[in-house]
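Student: show me how the following folds:
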Amino acid sequence: MDNLKLALSSVATVCFLLWARREYSERKISSIPAVGASGIWAYYTGGWRYLFRAPEMVEEGCRKYRGRVFRVPRLFRWDFIISGSTLVQEAVTAPENVLSLAAANRDSLQIDLTMGPDISRNPFHIDAVRTKVTRNLSRCFPGIRDEISSAFDELLALDENDGKLVTVLPLMMQVAARTTNHLFVGLPICRNQDYLNLVVQYTIDVALRAQLISLLPSFLQPILGPFISSRNQSIRQGIKHLGPLIEYRIEQEKQHGPDWPGKPNDYISWLLESVDVLDEKTVSALVSRILATNMAAIHTTSSVFTYALFDLTAYPTYVTALRQEAEQAVEEFGWTKTALNKMHKIDSFLRESQRMHDNGPVAMSRQVLDPMGFKFSDESVIPYGSILNIASRAEHFSPANYDHPDVFDGFRFSKKREDREHTSGGGLFNQHMISTGVDHLAFGHKLHACPGRFLAATELKAMLAHLVVHYDLRAEIEGVRPPDDVFGIVIVPNRRGKLWFRKRQY
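Tutor: Now for the predicted structure:
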């Protein structure tokens, strides 16, 4: 009996402490308006609702509290969301040790469990993308272009006069995987189907398994997370494909120095040049980095391109102008990076598709690392440890940022560039696909703009130019655009959406 009383007393004490802690936290943020929650019961029901109705809840918050901070309930915490150019600018210019992208990514992707703690602790692979990949795009473009052409030919496998109904997103993931890995690991591995299946599945697994781990209470995540994660299995498979190649590169460097004769100009070489800790110059460490970079590259490229093709077939009047622009640039400059830079309409079409179709209603997560919290100009204070998000979709559809924001205008940005050139004789750099701003957050902005956006834009423009020049496309059902798929806070192109592909009849 005494043991039972002691147990009940302990449970009551724990419950009281948890309640007291929550009440204290609630008082600290009581001045920040909440969406879908009022009281402890409504908080938990709101957290479940957010799992299934997140876009609607974010839209409601932006409608009620435009230009302010508001909060939404998650299952085990509050998340904070901002909109309006003033607050967005304050967030994106805050230093990393105050508002941290890396810490937020560790949380949202459960990086320590799904990809490994070294990925965020020493992100030298990101520096390799930001510097070496970007600098080598022109030099490596012929290989990128050849891989795009070969991938579409082989994966579509079209007869001269026959059309084929194709599920778009899986096709684009394969094309993106081949194109990206031509630059990353080269031939013949970039065409090895087992390897391609690995990098595509890794992209899916990290996102999916991170969401599952996030549903667990924080104290259970390090216990059960390793059983949910597929990280170790993926690295073992990656070593099977890449191990001998990486071992050879490391050995050549040991024998002949970093500039050994015949050294390939690819991502493996750039990673080895960027390693700043000897412990990281191992096969398993480099395979982990290659898989991580693949995840970001394949997800972005395949999603953006699938959205763009759905838009192209929903608004087929754009095809002629895009085709003419691509053919004219290629006739003058060949299939080169210089030709891509002349394709302003293709660039604009992709940027507009990005504006209207992103990966969810919020983006650019940050975690508050300042022990005093983060204070906005409207006097709202986000507590230490909280996750802050920017309502990117609200900015992309704001009448303050765009004329007729609900209307798809494929040449919205190229017309602005042309008007600027006619009036002042100079281009408008902030209207390029790679340009970022508080009104266009698809690639982030300021301190943490996506380091791989130059590679992504190069691949996307080359892929779209290739398709409009060499293929005819049409919707599965005329005038019907496949609806996006929604998974909680994440929005992705319709995984079952199909389009008709046919070789162009000259």
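
Student: I figured residue 409 hits residue 352, correct?
Tutor: Yes - the pair residue 409 and residue 352 passes the contact test of CB atoms under 8 Å, sitting 6.1 Å apart. All C-beta atoms are positioned from the backbone trio N, CA, C, and that covers glycine.

Student: ok, those two, which is more surrounded?
Tutor: Neighbours of residue 409 and residue 352, each counted by other CB atoms under 10 Å, are more numerous for residue 352; the result is 24 against 18.

Student: the host helix or strand of that one: how far from the chain's middle?
Tutor: Following DSSP states H and E, the helix or strand that holds residue 352 is helix 344-356. Once both centres are worked out by CA atoms, centre = their mean, to the nearest Å, helix 344-356 turns out to sit 16 Å from its chain's centre.

Student: I'd like to know which elements that helix is packed against.
Tutor: Identification of packing neighbours for helix 344-356 by 3 or more CB pairs under 8 Å, 6 or more residues apart in numbering; DSSP states H and E yields helix 283-314, helix 319-333, helix 412-424, helix 453-470.

Student: what's the second one packed up against?
Tutor: Just to be clear, that refers to helix 319-333. Taking 3+ CB pairs under 8 Å, 6+ apart as the contact cut, helix 319-333 packs with helix 337-341, helix 344-356, helix 453-470.

Student: does residue 219 count as helix, strand or coil?
Tutor: Classification of residue 219 using DSSP: H, G, I helix; E, B strand; the rest coil returns coil.

Student: do you know the pLDDT at it?
Tutor: Per-residue pLDDT puts residue 219 at 89.

Student: what about it, distance to residue 299?
Tutor: For residue 219, the distance to residue 299 (CB to CB, to the nearest Å) stands at 30 Å.

Student: flag every buried residue along the helix or strand hosting residue 118.
Tutor: Taking DSSP H and E as the criterion, residue 118 maps to helix 117-121. When neighbours are counted by 16 or more other CB atoms under 10 Å, the buried residues of helix 117-121 are found to be 118-120.

Student: what is the mean pLDDT for stretch 292-305?
Tutor: Mean pLDDT, taken over the full extent of stretch 292-305, equals 95.

Student: going forward, the N-terminal residue is numbered 140.
Tutor: Sure, I'll start counting at 140 from here, so that last one is stretch 431-444.

Student: can I get it as PDB, trimmed to CA atoms?
Tutor: Coordinates of each C-alpha in stretch 431-444 appear next as PDB, following Å, rounded to 0.1, in the frame of the first residue of the first chain:
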ATOM      1  CA  ALA A 431      23.200  14.200 -48.400                       C
ATOM      2  CA  THR A 432      23.900  16.500 -51.300                       C
ATOM      3  CA  ASN A 433      21.900  14.200 -53.700                       C
ATOM      4  CA  MET A 434      18.900  14.500 -51.400                       C
ATOM      5  CA  ALA A 435      18.800  18.200 -51.600                       C
ATOM      6  CA  ALA A 436      19.600  18.300 -55.400                       C
ATOM      7  CA  ILE A 437      17.200  15.600 -56.500                       C
ATOM      8  CA  HIS A 438      14.300  16.800 -54.400                       C
ATOM      9  CA  THR A 439      14.500  20.400 -55.500                       C
ATOM     10  CA  THR A 440      15.100  19.700 -59.200                       C
ATOM     11  CA  SER A 441      12.500  17.000 -59.700                       C
ATOM     12  CA  SER A 442       9.800  18.900 -57.800                       C
ATOM     13  CA  VAL A 443      10.300  22.300 -59.500                       C
ATOM     14  CA  PHE A 444      10.500  20.700 -62.900                       C
END
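
Student: how close does residue 497 get to residue 641?
Tutor: 30 Å.

Student: before we move on, what about residue 348?
Tutor: Here the criterion is CB to CB. By it, residue 348 lies 38 Å from residue 641.

Student: cool, and residue 407?
Tutor: Between residue 407 and residue 641 the distance is 38 Å, computed by CB to CB.

Student: my guess is residue 608 contacts residue 469. True?
Tutor: Yes - taking contacts as CB under 8 Å, residue 608 lies within contact range of residue 469: 7.3 Å.

Student: which phi and psi does the residue nearest to residue 353 when sequence neighbours are not counted have?
Tutor: With sequence-adjacent residues excluded and distances taken as CB to CB, 6 or more residues apart in numbering, residue 353 is closest to residue 249, at 6.4 Å. Phi and psi for residue 249, reported as degrees, to the nearest 10, are phi 50, psi 50.
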